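S.K.: whatever this is, show me its structure:
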Amino acid sequence: MAANENPRLPLDGVRVLDLTGTMSGPYCTMLLAQLGAVVDKIEPPTGDITRSLMSGRHDGMTPIFLGLNVGKRSAVLDLKLDEDRRRLNALLPGYDAVVHNMRPAAAARLGLTEDGLADAGSEALLCEIVGFGPGPYESRPAYDDTTQSLSGMAWVQGRGEVPEYVRAAVADKTAGLYAALGVCAALLGRARGNLTRSVRIPMFETMVAYTMVEQLGGLTFEPAEGPPLYPRTMSPSRRPFRTADGYVGVMLYTDRHWRSFLSWLGRDDLVSDPKYATISGRSVHIDEVYGFLAGVLEGGGTDEWLDVFEKLDVPAGRVQTFDDLIADPHLAATGALPVEDHPTEGAVRRVRSPYLFDGRPAGPLRPAPNLGEHSSDILGTG
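M.R.: Residues are numbered from 1 along each chain as shown. Have a look, this model is predicted:
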């Protein structure tokens, strides 16, 4: 491959019809676009709701929309109208996958079911991101906050005490990740003769699986052998540590990490202390261990400690703001946050796909579209 050549991406040639809005679905289809798929986004006349979140340079082109919809084309259909529903049906045979995040009943009214796609002459994989799988909650609406609450994530985030939300749309983006993985797996299966017709990602069940996998604790066993929750992550002292002039994140985790650090401190008395010598001992006494570490780190500056941890081969890093990230030398060297010219929005910073195929990052993506920008191309109305 020539030095200036971009790698061929795994989903090159795959066509995806995006009937999603807000965050879980657009995040899924953004990932598919980053993997090389052609993604055509169908929006209502008012546009995806994220066109109205926050403010941008122009109406409908907000930071969140620009971030979630890079790599896509946009067409407008009013699916309340019979004529536009017929146009949608006419589109379906031209795609390899159709993605929506509607409630099942709403999707069924539009023919976005396995049978509906077949009736339209489409063999596309149907990917559905829904709030809940079949069961008592199936018809309920779901959003990120409610899913964090129901799934135990807010309880875990509050350490089993006062619940808190993760300050990112973790439920939406996790569902989107699972959906993109499901699409890729199903398309691979089809190429090998396993004709999967649909994949459904229920946000509630997905976040339960995501949250509980390392937090189930004693409830892993029946009858229970103890309480749930992973003690290390539950410690109130698990946070970036204050230094003399800032904060540092450090992960003294293995027995070797602790032996080398305690020896460097001149605390050989603690090297053989059962509370510090083994990972099991540290786990039982995690609050005391973290308290000791906090007291030590307050005595030196951030740069000083980073030098020490680098010499000891202990994972550590300063706490960075987003402004710091934009200036971070590693991210600058890897081109992780490129600034590109958008046709209508001017200079726009993009969060580049982290994938490296054949050791190379993917090339630039199509800029996030203005509402209906590609209607004539997608709908054939030009």
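
S.K.: quick one: the helices in the stretch 51-200 of the chain?
M.R.: Listed in chain order, the helices of the stretch 51-200 of the chain (DSSP state H, counting those that start in this stretch) span 63-68, 82-91, 104-109, 114-119, 144-150, 153-157, 170-191.

S.K.: how about the last one, which residues are buried there?
M.R.: Okay, so that is helix 170-191. 170-180, 182-184, 186-187, 190 (16 or more other Cβ atoms under 10 Å). Just so you know, the C-beta spots here come from the backbone N, C-alpha and C atoms, and that holds for glycine as well.

S.K.: nearest to G299, out of the helices of the stretch 51-200 of the chain?
M.R.: helix 153-157 (30.7 Å; Cβ to Cβ).

S.K.: for this structure, just list every one of the strands.
M.R.: 15-19, 38-43, 72-76, 97-100, 125-130, 198-202, 241-242, 247-250, 316-318, 339-342, 346-349, 356-357, 360-361 (DSSP state E).

S.K.: N101: how many residues sit nearby?
M.R.: 29 (other Cβ atoms under 10 Å).

S.K.: save the helices of the stretch 51-200 of the chain as TSV, and put in mean pLDDT too.
M.R.: Output for those, formatted as TSV (pLDDT from 0 to 100):
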stretch	mean pLDDT
helix 63-68	98
helix 82-91	97
helix 104-109	96
helix 114-119	98
helix 144-150	98
helix 153-157	97
helix 170-191	98
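
S.K.: including distance to F132, could the ones you listed go into a markdown table?
M.R.: Formatted as a markdown table, the helices of the stretch 51-200 of the chain follow (distance: least, Cβ to Cβ, whole Å):
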| stretch | distance to F132 |
| --- | --- |
| helix 63-68 | 23 |
| helix 82-91 | 25 |
| helix 104-109 | 9 |
| helix 114-119 | 19 |
| helix 144-150 | 9 |
| helix 153-157 | 15 |
| helix 170-191 | 11 |
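
S.K.: who wins for proximity to D323 among those helices?
M.R.: Closest approach to D323 among those is made by helix 63-68 (15.2 Å; Cβ to Cβ).

S.K.: mind listing residues that contact that closest one?
M.R.: 23, 26-27, 30, 48, 50-51, 53-54, 56, 342, 345, 348, 350-351, 367-368 (Cβ atoms under 8 Å, 6 or more residues apart in numbering).

S.K.: verify the contact between P45 and K80 for me.
M.R.: No - at 9.5 Å, P45 does not count as touching K80 under the criterion of Cβ atoms under 8 Å.

S.K.: the stretch 251-382 of the chain: helices as residue ranges?
M.R.: Under DSSP H, counting those that start in this stretch, the stretch 251-382 of the chain gives helices at 255-265, 268-271, 274-277, 279-284, 286-297, 302-312, 322-327, 329-334, 375-379.

S.K.: out of those, nearest to E138?
M.R.: It is, among the helices of the stretch 251-382 of the chain and with distance given as Cβ to Cβ, helix 375-379, at 31.8 Å.

S.K.: what packs against that closest one?
M.R.: strand 72-76, helix 82-91 (3 or more Cβ pairs under 8 Å, 6 or more residues apart in numbering; DSSP states H and E).

S.K.: nearest residue to the spatially most central residue of the chain in space, ignoring adjacent ones along the chain?
M.R.: When Cα atoms, centre = their mean is applied to the chain, the residue found nearest the centroid is K173 (3.9 Å). Leaving out its chain neighbours, the residue that sits closest to K173 by Cβ to Cβ, 6 or more residues apart in numbering is Y27, at 5.2 Å.

S.K.: sorry, back to before: got the strands of the chain as CSV, with mean pLDDT columns?
M.R.: Output for those, formatted as CSV (pLDDT from 0 to 100):
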stretch, mean pLDDT
strand 15-19, 98
strand 38-43, 98
strand 72-76, 98
strand 97-100, 98
strand 125-130, 98
strand 198-202, 98
strand 241-242, 97
strand 247-250, 97
strand 316-318, 97
strand 339-342, 97
strand 346-349, 98
strand 356-357, 94
strand 360-361, 91
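
S.K.: in a markdown table, list those strands along with mean neighbour count and distance to S280.
M.R.: A markdown table is the format used below for the strands of the chain (neighbours: other Cβ atoms under 10 Å; distance: least, Cβ to Cβ, whole Å):
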| stretch | mean neighbour count | distance to S280 |
| --- | --- | --- |
| strand 15-19 | 24 | 47 |
| strand 38-43 | 25 | 48 |
| strand 72-76 | 22 | 49 |
| strand 97-100 | 26 | 45 |
| strand 125-130 | 25 | 40 |
| strand 198-202 | 20 | 36 |
| strand 241-242 | 18 | 23 |
| strand 247-250 | 17 | 20 |
| strand 316-318 | 15 | 23 |
| strand 339-342 | 12 | 48 |
| strand 346-349 | 13 | 45 |
| strand 356-357 | 13 | 37 |
| strand 360-361 | 15 | 41 |
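
S.K.: can I get those strands in a markdown table with distance to M212?
M.R.: Converted to a markdown table, these look like this (distance: least, Cβ to Cβ, whole Å):
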| stretch | distance to M212 |
| --- | --- |
| strand 15-19 | 30 |
| strand 38-43 | 32 |
| strand 72-76 | 33 |
| strand 97-100 | 26 |
| strand 125-130 | 20 |
| strand 198-202 | 15 |
| strand 241-242 | 28 |
| strand 247-250 | 25 |
| strand 316-318 | 28 |
| strand 339-342 | 40 |
| strand 346-349 | 36 |
| strand 356-357 | 31 |
| strand 360-361 | 34 |
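
S.K.: for T381, which of those is the nearest?
M.R.: strand 72-76 (8.9 Å).

S.K.: do you know how far the residue nearest to K173 is from H285?
M.R.: Y27 sits 40 Å away from H285, going by Cβ to Cβ, to the nearest Å.
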